[in-house]
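Asker: Coordinates only, no sequence provided:
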């Protein structure tokens, strides 16, 4: 303010002469003090012109300050433009430097080749290989560029399809039922609200994560906060000690309460002893079961061995029978065939004689009564005798036919029996192999029995060890004074577990209340239904 011009400078000059100024109350030597407005003692009346002068002075100062700031701004713009130009030149210089570095590397390679006395042909071949590699890289870049252009065209086509689908959706919405349209608008608004809520919550989560990171950074940088955390941990440890002391104080009870707890301890000990006795009983049962299994195994092994031996003997007998039958089958077949041929020849001969005698039966006299078979065959028999002989021969023929049929059936049965025996022989295979398998199985079973017998003493020893350990634990439990404390700690642990489970259930309920995934799924389902409805409407049109 000392630099501002006084208001007297802005006033027009007057005809007063300071030397002939009238004397004031202070006299010639008692001048007024300089005012804070810078007018000195020359201004005594603050009128309009005085304030106008002040405003003009302020305006001049503001104009000067504005001009100075404009110069500073213009200078900043010039500096900024120069900085942009410098940055552009720096980029160009960096690119030129890279190119020159590449050329320098090439020149260094050429110099190395020259120093190593390589032939020009080798250098040219290497140049061709480098050129081929560069061409391949260029072709790859061109393919990638073409693929990118194709992808961009596909993206544009998809965008056009999306716009077309939007127009179709708008057309369908325009012709939709008002109720469905209202429902769709409600779902759309709800979806938008859910989206905004999800975005807000995501922002809140991100903000909280940033805040957590910031707090962790501050915590790592601030020794006071570290010290506060350490003190908080110390407080928690002291609270735990306090709870332990309170529990110890509560444990110091009256003799009656101690007696009651001792009775409870005895009961729990008895329960534990009963549990251990049950375990011992189970082990004894397992040992008995093992003994029984061994006995059953021995008996079953003997039975299986006897059965296998009996089957083996039966198989040997059947094999002998089959061998004998196969050896005598051809002879029996030949004997039966010869017998059948003899009977057939006899029948043919008798029939020939009968046919020869039938023609002479009319001329023969019926006086022949007691002729034997030879006489009848010689032509001296009567008609009745011939008829009787004919009937008897027919009976014999019938019996022979029956016998032939029976023999044929027996032959067929024998052939079928032979086929069955051959199939059985094939199915049974080698009898020695079956016997070896049975012996191998018996050997394995005996080995298993030996293993069980070897395990049995170990189980008995383990039972005795458990029995001794049980008695030792019982004695230690009886002589342990901290057993009651242990039980109380177990109870507290159970209570804490229940409290933890309850809190976890509450947290899960709160998470379910704030879980918007079902709403999101419902919105997607409604959107899919709406799209299906739009597609169906378009298909109908």
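Answerer: Nice, thanks for sending it over. Remember, it's a predicted structure, so these values are computed and weren't measured experimentally.

Asker: So for the lengthiest helix in the chain, mean pLDDT?
Answerer: The helix that spans the most residues within the chain, counting by DSSP state H, is helix 255-358. Throughout helix 255-358, pLDDT has a mean value of 72.

Asker: Which neighbouring elements make contact with it?
Answerer: Judged by 3 or more C-beta pairs under 8 Å, 6 or more residues apart in numbering; DSSP states H and E, helix 255-358 is in contact with helix 373-377, helix 383-428, helix 431-479, helix 483-513. Backbone N, C-alpha and C define where each C-beta goes, glycine included.

Asker: what's the angle from it to helix 483-513?
Answerer: 70 degrees (axes from the mean of the first three to the mean of the last three C-alpha atoms, to 10 degrees).

Asker: so helix 255-358 versus helix 431-479, what angle?
Answerer: If you take the same axes, to 10 degrees, helix 255-358 sits at 170 degrees to helix 431-479.

Asker: Start the count at 14 instead of 1 going forward.
Answerer: All right, first residue 14 from here; so that's helix 268-371.

Asker: Of the helices and strands packed on helix 268-371, which is nearest residue 122?
Answerer: Each of those was scored for nearness to residue 122 using C-beta to C-beta, and the closest is helix 496-526 (65.7 Å).

Asker: what's downstream of the closest one, the next helix or strand?
Answerer: Using DSSP states H and E, the helix or strand that follows helix 496-526 towards the C-terminus is helix 530-553.

Asker: What is that following helix packed up against?
Answerer: Using 3+ C-beta pairs under 8 Å, 6+ apart: helix 530-553 touches helix 133-187, helix 191-234.

Asker: State the mean pLDDT of the shortest one.
Answerer: Right, the one you point to is helix 191-234. Helix 191-234 comes out at a mean pLDDT of 82.

Asker: from the middle of its chain, how far away would the helix or strand just after that helix be?
Answerer: Downstream of helix 191-234, the next assigned helix or strand under DSSP H and E is helix 236-264. With C-alpha atoms, centre = their mean, to the nearest Å as the basis, helix 236-264 stands 44 Å off its chain's centre.

Asker: and if you look at stretch 475-490?
Answerer: 46 Å.

Asker: and what of stretch 404-419?
Answerer: 86 Å.

Asker: pLDDT of that stretch, averaged?
Answerer: Stretch 404-419 shows an average pLDDT of 73 in the prediction.

Asker: Please report how far residue 508 lies from residue 274.
Answerer: Residue 508 sits 18 Å away from residue 274, taking C-beta to C-beta, to the nearest Å as the criterion.

Asker: Please say which of these two ends up with more neighbours.
Answerer: Neighbours per residue, other C-beta atoms under 10 Å: of residue 508 and residue 274, the larger number sits with residue 274, 16 against 10.

Asker: Distance of residue 141 relative to residue 285?
Answerer: Relative to residue 285, and taking C-beta to C-beta, residue 141 is found at 91 Å.

Asker: Of the two, which one has the most company?
Answerer: The neighbour comparison of residue 141 against residue 285 (other C-beta under 10 Å) goes to residue 285, with 14 against 10.

Asker: I'd like the distance between that one and residue 479.
Answerer: Using C-beta to C-beta, residue 285 is found at 14 Å from residue 479.

Asker: Also residue 287?
Answerer: Counting by C-beta to C-beta, the gap from residue 287 to residue 479 is 15 Å.

Asker: Compare neighbour counts for the two and give me the winner.
Answerer: Using other C-beta under 10 Å as the criterion, residue 287 and residue 479 rank with residue 479 on top: 14 against 10.

Asker: hang on, the earlier thing: angle of the longest helix of the chain against helix 236-264?
Answerer: Using the same axes, to 10 degrees: helix 268-371 against helix 236-264 is 90 degrees.

Asker: Centre-most residue in the protein?
Answerer: By C-alpha atoms, centre = their mean, the chain has its centre lying nearest to residue 530, at 21.8 Å.

Asker: The longest helix of the chain: how far from the chain's middle?
Answerer: Chain-centre distance of helix 268-371: 49 Å, with C-alpha atoms, centre = their mean.

Asker: Please apply the same query to stretch 414-432.
Answerer: Taking C-alpha atoms, centre = their mean, one finds the center of stretch 414-432 at 71 Å from the center of the full chain.

Asker: How about stretch 471-486?
Answerer: For stretch 471-486, the distance to the chain centre is 45 Å (C-alpha atoms, centre = their mean).

Asker: one step back: out of the helices and strands packed on helix 268-371, which comes closest to residue 171?
Answerer: So among the helices and strands packed on helix 268-371, helix 496-526 is nearest, using C-beta to C-beta, at 38.1 Å.

Asker: what angle do the closest one and helix 530-553 make?
Answerer: Angle, helix 496-526 to helix 530-553, by the same axes, to 10 degrees: 30 degrees.

Asker: which other helices and strands contact helix 496-526?
Answerer: So helix 496-526, by 3+ C-beta pairs under 8 Å, 6+ apart, packs with helix 236-264, helix 268-371.

Asker: Give me the contact list for stretch 125-132.
Answerer: 135, 136 (C-beta atoms under 8 Å, 6 or more residues apart in numbering).

Asker: any idea how far residue 290 lies from residue 277?
Answerer: As judged by C-beta to C-beta, residue 290 and residue 277 stand 20 Å apart.

Asker: Out of the helices and strands packed on helix 496-526, which one sits most buried?
Answerer: Compared across the helices and strands packed on helix 496-526, helix 268-371 shows the largest average neighbour count, a mean of 12 (mean count of other C-beta atoms under 10 Å).

Asker: hmm, back to that, out of the helices and strands packed on helix 496-526, which comes closest to residue 170?
Answerer: Per C-beta to C-beta, nearest to residue 170 of the helices and strands packed on helix 496-526: helix 236-264, 57.9 Å.

Asker: Give me the helices and strands touching that closest one, please.
Answerer: Applying 3+ C-beta pairs under 8 Å, 6+ apart, one finds that helix 236-264 contacts helix 191-234, helix 496-526.

Asker: burial measure for residue 473, as a count.
Answerer: With other C-beta under 10 Å as criterion, residue 473 counts 14.

Asker: my guess is it meets residue 301, correct?
Answerer: No - taking contacts as C-beta atoms under 8 Å, residue 473 lies outside contact range of residue 301: 11.3 Å.

Asker: SS state for residue 130?
Answerer: Under DSSP: H, G, I helix; E, B strand; the rest coil, residue 130 falls in the coil class.

Asker: This completes my enquiry, with thanks.
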